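> Structure of the sequence below:
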Amino acid sequence: MRSIFDVEVPIDRSYSYEARLALAMRYSKLCLSIASQGFTVVIATISLFREVHKWNRENLPGYFEVFLRVPLEELRRRDPKGIYSRFDSGELSNVAGLDLPVDEPAAPDWIVQYVPNRPVKRIADELLSML
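Model prediction:
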């Protein structure tokens, strides 16, 4: 039986579930390609899929998963692209966490819980101390 990771998917510029899954796997496979050359890879993504989290853990050497837990109200407050307001007005769909489900990581190596006014440097120092 073939898995979704074995299927070549044409580049889809939409934000559908299938397009996002295909893009997530492209990122993962790119990271594997770079890591296999001896480089340390750091990538920030909106990681929506448990199957991708699982694939990463099984295939990426030294994989360390960080989950940024930020309340929806804070995401709406930040919203530099107007994504949430465009969703609310019906202009936009396939928004992660609204009409597109998000699989929170089952066992992230580190969870960063949102705290208002927490200095970014403090977060960075905590992360570096864990690595």
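> Now do the buried residues in the longest helix seen in the chain.
As assigned by DSSP state H, the longest helix anywhere in the chain is helix 17-35. Using 16 or more other Cβ atoms under 10 Å as the test for burial, helix 17-35 gives 19, 20, 21, 22, 23, 24, 25, 28, 31, 32, 35. All C-beta atoms are positioned from the backbone trio N, CA, C, and that covers glycine.
> Please report the distance of the residue lying closest to residue 67 once chain neighbours are set aside from residue 128.
The shortest distance from residue 67 to any non-neighbouring residue, by Cβ to Cβ, 6 or more residues apart in numbering, is to residue 108 (3.9 Å). Applying Cβ to Cβ, to the nearest Å, the value for residue 108 to residue 128 is 17 Å.
> Which residue of those two possesses the greater neighbour count?
residue 108 (16 against 8; other Cβ atoms under 10 Å).
> Kindly state the pLDDT recorded for that one?
Predicted confidence (pLDDT) for residue 108: 93.
> What of residue 59?
Model confidence at residue 59 (pLDDT) stands at 94.
> And for residue 16?
So residue 16 comes in at 76 (pLDDT).
> How many residues are close by it?
Count around residue 16 with other Cβ under 10 Å applied: 12.
> any idea which element the residue found closest to it once you drop the neighbours it is linked to in the chain lies in?
In space, and not counting its chain neighbours, residue 16 is closest to residue 94: 5.7 Å by Cβ to Cβ, 6+ apart. Remark: residue 94 resides in no helix or strand, with elements defined by DSSP states H and E.
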